[in-house]
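Peer 1: Got a sequence here, can you model it:
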Amino acid sequence: MVNKIFLIMAVIGVPLSVIGSLLHFPTIIMFVIYCLTIIALAGFMGRATESLAVVAGERIGGLLNATFGNAVELIISIFSLKAGLVGVVLASLTGSVLGNLLLVAGLSFFVGGVRYKRQKFNVYDARHNSGLLVFAVIVAFVIPEVFTQGMGEGHKLALSSGISIILILLYLAALFFKLVTHRGVYQSTSEGASEHEEVAEWGMGKALAVLLIATLAVAYVSEKLVHTFAEVAETFGWSELFIGVIIVAIVGNAAEHASAIIMAYKNKMGVAVEIAVGSTLQVAMFVAPVLVLISLFFEKSMPLVFTMPELISMVTAVLLTIAIANDGETNWFEGATLLAAYMIMGIGFYLL
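Peer 2: Below you'll find the model as predicted:
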């Protein structure tokens, strides 16, 4: 039933998004249409991810979902950088980290925990990801803020470019470690037992095709949605920082949000965590550095320097997530704790 609703919403929403943008429908109406269309497309991405997780395994399924989901945000951010909106891009990167670690993981833990009292995932992956989170967010994001005090713009960009290259290389090394040299080495004894009994809804080829087409459609609709934010913000009294940290981040990662929650509801917590945490790592260690390097070719470059509220929020989110998820088990109360932290930060950014 839900799949049919998503199909109807997507079939109606995508053409309506194109027609509405060409005929200049009222902005508030288009804002609602764009949001509903992205939610519908996210449903298809969730089904494709589930099929890939059955066929290719939890790690690869979660990685593919995070990659396709972050491709949308990367596209939106490149358009924003081209327009010179460096502050919005940095805020949206902050929002992605907070959204994935607190909102996505929180909702996944909460929804899954309501249905199952205890949900487990690979504790070795949790500890591996914890170290990467500390490095990517606390080391690579805080260090530039400390060292760039009093620096000129040229030195700031040089430091940011150097850090970006190191982050990208380490991220590629982490993928090689998890998927090649140490694949299956740190595998739980119970992990993978249900995957062999399950039949994928779609084959590998169809799932990848659906994921690709849905991602392209989401990218188009999301890019149009960005242009509605100014008027919507003025109507509702939202600030530019709030739009970047909360609104752009939620919309840009809508597909991942839906997929992770669906996986958690079906007790596939390994995939849900891989999407939430894996997406955060990809944003911090790949998307952000790539945007820094791409910005060098634009009129206004983007140093990897965040504001103090953004930095403190990201560091807090990382430490809280590590404290909660490092034991490889979750429940609904831990999810509620993450959601509460997200709400507190959301209020802070709204009033800032």
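
Peer 1: And what about residue 30, helix, strand or coil?
Peer 2: helix (DSSP: H, G, I helix; E, B strand; the rest coil).

Peer 1: check contacts around it.
Peer 2: When contacts are counted by CB atoms under 8 Å, 6 or more residues apart in numbering, residue 30 touches 17, 20, 21, 224, 228. (Glycine included, C-beta is placed from N, CA and C.)

Peer 1: So which of the residues you listed is the closest to residue 146?
Peer 2: Within the contacts of residue 30, the smallest distance to residue 146 is 37.4 Å, found for residue 228 (CB to CB).

Peer 1: That closest one contacts residue 32, doesn't it?
Peer 2: No. Using CB atoms under 8 Å as the test, residue 228 is too far from residue 32 to be in contact (9.6 Å).

Peer 1: Between the contacts of residue 30, which sits nearest residue 201?
Peer 2: Nearest to residue 201, judged by CB to CB, of the contacts of residue 30 is residue 17 at 26.2 Å.

Peer 1: on that earlier part again, can you list the contacts of residue 30 in TSV and add pLDDT and secondary structure?
Peer 2: Listed next are those as TSV, based on pLDDT from 0 to 100; DSSP: H, G, I helix; E, B strand; the rest coil:
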residue	pLDDT	secondary structure
17	90	helix
20	90	helix
21	86	helix
224	85	helix
228	83	coil
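
Peer 1: Out of these, grab the one that's most surrounded.
Peer 2: residue 17 (22 neighbours; other CB atoms under 10 Å).

Peer 1: any idea how far that one lies from residue 25?
Peer 2: 10 Å (CB to CB, to the nearest Å).

Peer 1: and the closest residue to residue 43 other than its chain neighbours, how many residues sit next to it?
Peer 2: Distances taken as CB to CB, 6 or more residues apart in numbering put residue 6 closest to residue 43, at 3.7 Å, once the chain neighbours are dropped. When neighbours are counted by other CB under 10 Å, residue 6 registers 20.

Peer 1: ok so residue 6 is a strand residue?
Peer 2: No. Going by three-state DSSP, the assignment for residue 6 is helix, not a strand.

Peer 1: While we're on residue 236, how confident is the model there?
Peer 2: pLDDT for residue 236: 81.

Peer 1: Does residue 267 touch residue 112 like I think?
Peer 2: Yes. In this structure residue 267 lies within contact range of residue 112 using CB under 8 Å: 6.6 Å.

Peer 1: list residues touching both of these two?
Peer 2: Common neighbours of residue 267 and residue 112 are listed as residue 119 (criterion: CB under 8 Å, 6+ apart).

Peer 1: In terms of packing, which of these two has more residues around it?
Peer 2: residue 112 (25 against 14).

Peer 1: Could you check how far the closest residue to that one other than its chain neighbours is from residue 332?
Peer 2: Leaving aside its sequence neighbours, residue 112 sits nearest to residue 264 (CB to CB, 6+ apart; 3.4 Å). The gap separating residue 264 from residue 332 is 10 Å, by CB to CB.

Peer 1: cool, residue 243 as well?
Peer 2: Residue 243 is 30 Å from residue 332, by CB to CB.

Peer 1: of those two, who's got more company?
Peer 2: Neighbours around residue 243 and residue 332, counted as other CB under 10 Å, are more numerous at residue 243. The numbers are 23 against 17.
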